[in-house]
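Chemist: Attaching a predicted model along with its sequence, questions to come.
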Amino acid sequence: MYWASGIAKTLEVPLFSQTTDDSGEIQNSSSQQTILGLKRNKAGNLFVTLSIRSVQLWGLRPTSLISQVFRTKKSIEEYGENKDVFWKPDGTLIVVQTTKSCLFTYTVLPFEDKSYKYQFGQISHHYITGPGEGNGVKTFLLKFRMTIRIDAGMETGIGTEEYLVVSTKNPPAIQSIPWQAEPGATKTNILARLEFLQSKKAEITCIVYDRKISLFGWITSDGRAYAVQFNEQPLSPAGSKSLPIYWAGFSFHGGNQQELPSSLRATCIAINAKFSLLAVGTECGIVHIYFAKNYNGSIHLSHKLCPVTSIAWTSDGYAVAIGWRDEGLAVWSVYGRLLMTTLNEDGPQSLHDNFQDLFLLGIDNLFWSIGDYELYILHTARAKNENQLYSLPFVRSAVTGFHSPDNAKRGFLQMDDRLLLYRGGDQEDLSAINPDAIVWQHIPYASISGDGRYIAIAGRRGLAHYNVSSDRWKLFGNQQQEQEFVVRGGLLWLKHILVAACENLRTHTNEIRMYSRETNLDNIYLIHYVQVPSSILYLSLLDNALLAYCGDNMIYHYLVTSQSGSAIQFLGLTLCQQISFVGVIHAPARSDAGEVQYDLHVLADKIEFYWMANRGVGSLKNSLWACDGKGVKIWMNIWSQEEKAKDWQNDVLLSANKEGLHILLEFYPLSVLLEKGIIVGVEQQTSIRQSLEFAVFKLATNTHLFLQYIIRYMLTREMEDEAVAFATSYQRLVYFGHALEVLLHQVLEDEAEHSIGKAKGAVLPRVVRFLDDFPHALDVIVGCARKTEVALWDYLFSIVGSPKDLFERCMTTGFLKTATSYLLVLHTLEPTAHSSEDTIRLLLKAMEAEDYELCTELVRFLNSIDGSGKTLEDALASIKLFANSLNNTEVDHH
């Protein structure tokens with residue numbers, strides 16, 4: 001879902017600074033600016049970098065150095081060098097850990113003045129009038145606040161909303177220090193007294209925290225990983241004399257082994273709350289991805305990824321970036337599809353001395369920017385004054401921001417400053433399958449309509465929409481109205497009507513609004529709106545049913561109604577049903593009204609995105625398509641729109657997981673063009689040249705035919721009539737014959753290996769009968785034969801018929817060029833004399849048809865199969881007789 005695009009930017013930390021020592025003398029410093037680490041704040045608008053004696057505060061969008069603090073030589077000697085840094089979640093405080101177990105706290109002070117301002121003179125520029133960073137970079141200052149000494153020796157720490165959580169060494173313990181310090185308010189537990197820890201001597205070396213699910217991830221010095229929860233109220237029984245226990249958890253990585261091998265010892269951990277996944281990196285470099293059914297003991301291994309030393313999930317949870325200390329980086333989809341990598345399959349990169357993108361040689365840390373459009377990378381420094389800090393731009397699928405059916409079925413990508421829309425479906429057939437064709441439309445500046453004509457976008461405030469055909473935008477004319485609401489929960493298109501889930505900042509209410517594409521964006525033209533009791537998390541539209549999943553764990557089911565035909569001014573929403581859910585979209589419970597019943601059916605797991613087709617060809621009209629990280633899963637006719645049938649029939653759904661069709665792909669799918677029979681996707685390409693000082697990252701479009709898989713699926717289930725009807729709809733495509741050839745080749749190789757022949761259940765005889773319904777049959781068979789090993793020919797022609805008979809069919813039907821291909825097969829299987837006779841017959845047929853180009857090819861063929869020239873002489877004699885007969889016929893005619 002994420003791919004690098006463009007070139008990386010190098011961010012330079014000032015390497016030469018002037019500082020004042022305790023005697024008041026000014027000293028120059030340049031060798032102590034090697035960056036040790038970097039951390040992003042929760043809001044994503046700031047991040048810090050850390051060196052041995054300084055802290056740098058950076059702003060994002062645009063990336064710029066805002067503030068820097070240097071420590072004195074005396075401070076370094078007394079409290080130790082800087083070691084690590086972390087944020088208070090609200091972004092108001094930075095905590096720096098030193099090598100002597102001290103904590104320096106710095107307050108982040110915001111100011112209205114701008115650190116940097118854009119100067120355009122008299123030129124009108126869209127930065128000035130547009131939202132975002134047009135007004136310049138906001139000023140933040142770092143102000144020293146206080147020093148805290150951890151007498152027990154500090155190992156690591158992390159900030160939560162209420163506490164500063166630190167792990168200590170002597171003794172090994174975990175302390176929760178409130179930000180608003182009060183006497184006796186610190187909550188401490190000795191690790192040896194936590195029963196869920198496997199080793200009583202282990203220390204905590206790494207802590208991560210996710211507030212959405214109130215879960216901590218610990219890594220201990222013995223290499224195990226734990227899922228832990230903090231309880232402000234002690235867990236010890238009331239009246240107990242034992243010390244209170246504030247932490248409860250369990251080991252999900254490492255098991256009950258006494259000592260873990262290096263291949264299992266954990267080094268880093270990251271939490272993906274959206275998909276309930278935990279990623280654990282190990283010393284040998286393998287990443288273990290665990291799936292959590294719950295956080296009280298049910299966490300199981302999901303899958304594994306390649307070697308890694310640093311891990312960062314995107315904010316939407318759809319991808320994870322991993323970094324190698326000595327090699328580079330890679331990005332994987334949530335369930336294991338490799339999306340991009342800087343590694344070379346042939347071994348380590350060979351880079352010239354002036355190459356600037358040194359992060360290809362090793363990464364110490366990384367994080368995603370706000371919006372996940374950039375990956376910030378800290379390179380592992382190997383020499384003084386090396387470039388260390390980089391930002392790499394990324395393009396992502398629009399599905400990651402809002403999973404709507406229309407966003408899922410079209411190739412719709414987002415970048416920081418533009419949108420990319422795949423337009424191959426509007427091109428000729430060959431352009432659609434040609435990876436080199438220009439089929440991406442760059443929209444200079446995100447929900448897309450079902451027909452691909454309209455695009456809606458939303459930012460910090462308001463919304464706007466774009467007409468792909470006319471290349472025009474519609475914006476709010478009244479800026480006050482635009483600033484009064486923010487889109488939360490998504491945007492959907494209902495034909496030319498835009499449905500938006502909004503939070504009204506003026507009235508503090510949650511609303512569903514409906515705007516027409518045909519009118520101006522203004523509240524007076526608002527078609528309809530309804531207030532929703534809770535914040536809207538997700539919108540979904542199916543026919544005339546609008547579903548809104550909200551923060552109160554309820555789904556509100558609305559019917560889109562119209563009082564008079566298509567008159568948009570009377571379009572409205574009527575609440576039909578409320579459905580409460582137990583868990584997170586898990587085990588639905590009926591509402592008290594009980595008018596509508598919903599049943600839960602699990603079709604597949606580890607699905608990254610899906611879409612349903614209610615329009616299409618034949619059996620694909622009511623199909624469900626899902627991407628699972630390895631390819632595409634397809635369920636055909638999974639639901640029905642007929643009034644006499646249930647929308648989701650129990651008997652169909654119960655067997656769907658067994659009958660689903662799985663197509664493996666070598667690229668990541670983005671769009672399915674049903675009318676053209678192809679799956680469209682992209683794959684990463686990285687270009688490194690000796691003439692360039694940097695790497696260039698770009699996307700390559702790729703396509704894959706799915707017709708042969710659908711046809712084989714039907715033939716395997718003895719649905720031959722349905723297969724013919726389905727294929728007939730695609731017969732007009734110029735590559736239809738190629739799809740049939742691939743079908744025959746795949747079935748041939750699979751069944752020839754087991755010599756199934758014409759036994760019961762054999763699919764190859766059905767494929768042959770299926771081919772007979774199309775004029776491509778003779779071309780498909782010989783094309784398959786010529787691309788197949790000769791050892792399989794006997795098996796193939798035992799099913800499809802002898803090549804001699806097929807050659808005669810070509811002669812009879814006038815498929816002379818196809819007959820030429822069969823001559824090559826006959827020449828391999830039969831004596832030269834027989835093939836020569838057939839060649840001469842075909843040569844005469846070609847002369848009769850006045851196909852002289854084919855005649856030339858046949859003469860060359862005759863000369864090649866018989867070096868003596870006798871066969872060619874016989875052919876020329878036959879040609880002479882044929883010419884004489886033609887002349888006699890013309891004389892008789894006159």
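Modeler: Yes, it's here.

Chemist: Can you tell me the SS state at E182?
Modeler: Following DSSP: H, G, I helix; E, B strand; the rest coil, E182 is assigned to coil.

Chemist: let me redo that: L748
Modeler: helix.

Chemist: my guess is R53 meets R71, correct?
Modeler: Yes - the pair R53 / R71 is scored as a contact, 4.8 Å apart, by CB atoms under 8 Å. Any C-beta I mention is one placed from the backbone N, CA and C, and that applies to glycine too.

Chemist: which neighbours do these two share?
Modeler: In terms of CB atoms under 8 Å, 6 or more residues apart in numbering, R53 and R71 are both contacted by the residues N82.

Chemist: May I see the buried residues of stretch 145-161?
Modeler: 148, 150, 152, 154-160 (16 or more other CB atoms under 10 Å).

Chemist: I'd like the mean pLDDT over stretch 813-821, please.
Modeler: The pLDDT scores in stretch 813-821 average 88.

Chemist: let me fix that: stretch 286-294
Modeler: Here stretch 286-294 scores 84 as its mean pLDDT.

Chemist: Quick check: buried residues in that stretch?
Modeler: By neighbour count on 16+ other CB under 10 Å, the buried set for stretch 286-294 is 287-292.

Chemist: again, but for stretch 710-725
Modeler: Applying a neighbour-count criterion of 16+ other CB under 10 Å, one finds 710-715, 719-720, 722-724 buried in stretch 710-725.

Chemist: and T686, how far is that from G6?
Modeler: 12 Å (CB to CB, to the nearest Å).

Chemist: Ok, S75 next?
Modeler: To G6, S75 is 41 Å away according to CB to CB.

Chemist: same deal with T788?
Modeler: 43 Å.

Chemist: ok, now L494?
Modeler: Distance of L494 to G6, given as CB to CB: 36 Å.

Chemist: Compare neighbour counts for these two and give me the winner.
Modeler: Taking other CB atoms under 10 Å, L494 and G6 do not tie; L494 has more neighbours (17 against 14).

Chemist: can you map out the strands along the stretch 401-550 of the chain?
Modeler: Assigned by DSSP state E, counting those that start in this stretch, the stretch 401-550 of the chain shows strands spanning 412-414, 419-422, 440-443, 447-448, 454-458, 463-467, 472-474, 485-494, 497-504, 509-516, 528-532, 536-542, 545-550.

Chemist: could you point out which element follows the helix or strand bottoming out on mean pLDDT in the chain?
Modeler: Here the helix or strand of the chain ranked lowest by mean pLDDT, DSSP states H and E is strand 588-589, holding a mean of 38. Later in the chain than strand 588-589, the nearest helix or strand by DSSP states H and E is strand 609-613.

Chemist: shaky segments in the stretch 551-700 of the chain?
Modeler: Residue ranges of the stretch 551-700 of the chain with pLDDT under 70: 563-570, 581-600, 616, 639-659.

Chemist: need the strands for it, in chain order.
Modeler: Under DSSP E, counting those that start in this stretch, the stretch 551-700 of the chain gives strands at 554-562, 571-581, 588-589, 609-613, 623-627, 631-635, 661-664, 668-673, 678-687, 696-705.

Chemist: can you redo those strands as JSON lines with distance to V165 and mean neighbour count?
Modeler: Output for these, formatted as JSON lines (distance: least, CB to CB, whole Å; neighbours: other CB atoms under 10 Å):
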{"stretch": "strand 554-562", "distance to V165": "34", "mean neighbour count": "17"}
{"stretch": "strand 571-581", "distance to V165": "32", "mean neighbour count": "16"}
{"stretch": "strand 588-589", "distance to V165": "36", "mean neighbour count": "13"}
{"stretch": "strand 609-613", "distance to V165": "35", "mean neighbour count": "19"}
{"stretch": "strand 623-627", "distance to V165": "38", "mean neighbour count": "23"}
{"stretch": "strand 631-635", "distance to V165": "42", "mean neighbour count": "21"}
{"stretch": "strand 661-664", "distance to V165": "44", "mean neighbour count": "15"}
{"stretch": "strand 668-673", "distance to V165": "38", "mean neighbour count": "24"}
{"stretch": "strand 678-687", "distance to V165": "38", "mean neighbour count": "20"}
{"stretch": "strand 696-705", "distance to V165": "38", "mean neighbour count": "18"}
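
Chemist: Tabulate the ones you listed (JSON lines), appending distance to V468.
Modeler: Below are the strands of the stretch 551-700 of the chain laid out as JSON lines (distance: least, CB to CB, whole Å):
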{"stretch": "strand 554-562", "distance to V468": "24"}
{"stretch": "strand 571-581", "distance to V468": "23"}
{"stretch": "strand 588-589", "distance to V468": "38"}
{"stretch": "strand 609-613", "distance to V468": "19"}
{"stretch": "strand 623-627", "distance to V468": "23"}
{"stretch": "strand 631-635", "distance to V468": "26"}
{"stretch": "strand 661-664", "distance to V468": "29"}
{"stretch": "strand 668-673", "distance to V468": "15"}
{"stretch": "strand 678-687", "distance to V468": "17"}
{"stretch": "strand 696-705", "distance to V468": "18"}
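
Chemist: From H601, how far out is S276?
Modeler: Applying CB to CB to S276 and H601 gives a distance of 20 Å.

Chemist: between these two, which one's more packed in?
Modeler: S276 (19 against 12).

Chemist: I'd assumed S298 was in contact with the more buried one.
Modeler: No - S276 is beyond contact range of S298, at 10.3 Å (criterion: CB under 8 Å).

Chemist: Overlap in contacts, those two.
Modeler: The contact sets of S276 and S298 overlap at A292 (CB under 8 Å, 6+ apart).

Chemist: helix, strand or coil for R769?
Modeler: Here R769 is recorded as helix under three-state DSSP.

Chemist: Now do it, the pLDDT please.
Modeler: For R769, the predicted pLDDT is 93.

Chemist: Please name the residues that touch it.
Modeler: Contacts of R769 (CB under 8 Å, 6+ apart): E720.

Chemist: Tell me how many other residues surround T107.
Modeler: T107 - counted by other CB under 10 Å - has 14 other residues nearby.

Chemist: Correct me if wrong: it contacts D90.
Modeler: No - with contacts counted by CB under 8 Å, T107 stays clear of D90, the gap being 11.6 Å.

Chemist: sorry, back to before: where strands are concerned, which of the buried residues of stretch 710-725 count?
Modeler: Judged by DSSP state E, the buried residues of stretch 710-725 include no members of strands.

Chemist: Would you reformat those residues as CSV and include distance to T267?
Modeler: Compiled in CSV, those are given as follows (distance: CB to CB, whole Å):
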residue, distance to T267
I710, 45
I711, 49
R712, 46
Y713, 45
M714, 50
L715, 51
M719, 52
E720, 56
E722, 54
A723, 53
V724, 58
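
Chemist: any chance of those in CSV, with distance to N256 and pLDDT too?
Modeler: As requested, the buried residues of stretch 710-725 are arranged in CSV below (distance: CB to CB, whole Å; pLDDT from 0 to 100):
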residue, distance to N256, pLDDT
I710, 48, 92
I711, 51, 93
R712, 47, 93
Y713, 45, 91
M714, 50, 90
L715, 51, 92
M719, 51, 88
E720, 56, 91
E722, 54, 90
A723, 54, 91
V724, 59, 93
